[in-house]
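J.: sharing a sequence plus its predicted fold:
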Amino acid sequence: MLRQCMKPRRFSALFLFSLAFAVPVTSADSPKPAKVGGKWQIAWDVRMGTIHGVLTFKQHADQVTGTFYEELNKQTYSLSGNIQGKDITFDIPFPSSRPYTIEFKGTIDHKKMSGTSKMKGGGQVYLGHAGEVEDPQRSWLAIKDFKHQLVTPRKPPKEDDDD
């Protein structure tokens, strides 16, 4: 009887001892998130041209929150997202009579970020003559350098482009 009572206690003590000295295991596949805190100029391609603005990021480990200030309409929108290594993803919800969210995905390279954006959730937007169609991915570029005006991230048109 005494032997049976001791076994659970010995197991419990051994278990607690092993927990006290356990070393957390970090995965080599999870590099430290790049640092993006602060203000960034952004140029973002949209259907009718380029939107210029300022992204302000607050970073806590691999999570980001902040704002997007759109220069044309003088509006500020919230944003949230995450960073994995040098990859960043963040969402900007745009409230309106027909609210929508744009998802930005990109790569961080020191004081420069670039990537593509698209409507989140497979939503539909009005793009012109074709009516309601799927929104294509749009390019964006952000830099931390405020000394120079950020220009459009668009690629030069090919010879066979009509516009």
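T.: Perfect, thanks for sending it.

J.: can we go C-alpha only for contacts and neighbour counts from here?
T.: Noted.

J.: quick check: closest non-adjacent residue to K118.
T.: Excluding its sequence neighbours, the residue lying closest to K118 (C-alpha to C-alpha, 6 or more residues apart in numbering) is Q137, at 4.8 Å.

J.: ok, that neighbour - contacts?
T.: Applying C-alpha atoms under 8 Å, 6 or more residues apart in numbering to Q137 gives the contacts T116, S117, K118.

J.: now, which of those residues lie within strands?
T.: T116, S117, K118 (DSSP state E).

J.: number of residues surrounding the nearest residue to the first one once chain neighbours are set aside?
T.: Using C-alpha to C-alpha, 6+ apart and skipping the chain neighbours, the partner closest in space to T116 is S139 (4.3 Å). Neighbouring residues of S139 were enumerated by other C-alpha atoms under 10 Å; the total is 22.

J.: tell me if I'm right that S139 and S117 touch.
T.: Yes - contact criterion C-alpha atoms under 8 Å: S139 and S117 qualify, at 6.2 Å.

J.: between these two, what contacts are shared?
T.: If you check S139 and S117 against C-alpha under 8 Å, 6+ apart, no residue is contacted by both.

J.: now the strand or helix carrying G106 - C-alpha only, CSV.
T.: Assessed by DSSP states H and E, G106 sits inside strand 100-109. Output of strand 100-109 as CSV, limited to C-alpha atoms (Å, rounded to 0.1, in the frame of the first residue of the first chain):
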residue,chain,number,x,y,z
TYR,A,100,-14.2,46.6,-47.9
THR,A,101,-10.7,45.5,-46.8
ILE,A,102,-7.5,45.6,-48.8
GLU,A,103,-4.8,43.0,-47.9
PHE,A,104,-1.2,44.1,-48.5
LYS,A,105,1.6,41.5,-48.8
GLY,A,106,5.2,42.3,-49.3
THR,A,107,8.8,42.0,-48.5
ILE,A,108,10.9,44.2,-46.2
ASP,A,109,14.4,45.2,-47.3
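
J.: mind listing what's buried in it?
T.: By neighbour count on 16 or more other C-alpha atoms under 10 Å, the buried set for strand 100-109 is Y100, T101, I102, E103, F104, K105, G106, T107, I108.

J.: packing partners of it?
T.: If contacts are counted by 3 or more C-alpha pairs under 8 Å, 6 or more residues apart in numbering; DSSP states H and E, strand 100-109 sits against strand 87-94, strand 112-119.

J.: contacts for that strand next, please.
T.: Defining contact as C-alpha under 8 Å, 6+ apart, one finds that strand 100-109 is touched by 34, 86-94, 113-120, 123.
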